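**Student:** missing the sequence, but the structure's below:
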């Protein structure tokens, strides 16, 4: 019975993470473009793509910063899930010392990972803000 519960919990966590990661990718912004007959103007097509991708006026540094921040956010979520699973393991250990110690180690590793991720996020935020101030035109 315990093996069945572990399988169900693992399946539920895997499906939840899959949906959380890939569900936003299912939204597609498809817009019909009507190019002039026999002629496709590349700049207009690129502008249409840029508008559809919601890039706005972002430069490469901003885009890279957003990607890195998103990746760090996902890693933070993974740390929180590991922490919760370790808590569940601790609660269901039934007083067995080995399971409790393993759960405590997992919780400690998740907290350390979360601290590192938060520090990395702060560093990336600081760097992208500093670079955006340097690369923007003064008015």
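**Tutor:** Structure's in. What do you need? Note that the structure is a prediction, hence the values are computed from the model and not measured.
**Student:** residue ranges of the helices in this structure, please?
**Tutor:** Using DSSP state H, the helices found in the chain span residues 2-22, 42-52, 60-91, 97-135.
**Student:** Would you mind measuring from residue 6 to residue 78?
**Tutor:** As judged by Cβ to Cβ, to the nearest Å, residue 6 and residue 78 stand 19 Å apart. C-beta coordinates here come from the backbone N, C-alpha and C atoms, glycine included.
**Student:** Please apply the same query to residue 72.
**Tutor:** Counting by Cβ to Cβ, the gap from residue 72 to residue 78 is 10 Å.
**Student:** One more: residue 94?
**Tutor:** When residue 94 is compared with residue 78 (using Cβ to Cβ), they lie 27 Å apart.
**Student:** okay, those two: which has more neighbours?
**Tutor:** Per other Cβ atoms under 10 Å, whichever of residue 94 and residue 78 has more neighbours is residue 78, with 15 against 7.
**Student:** ok, now which ones touch the more buried one?
**Tutor:** residue 17 (Cβ atoms under 8 Å, 6 or more residues apart in numbering).
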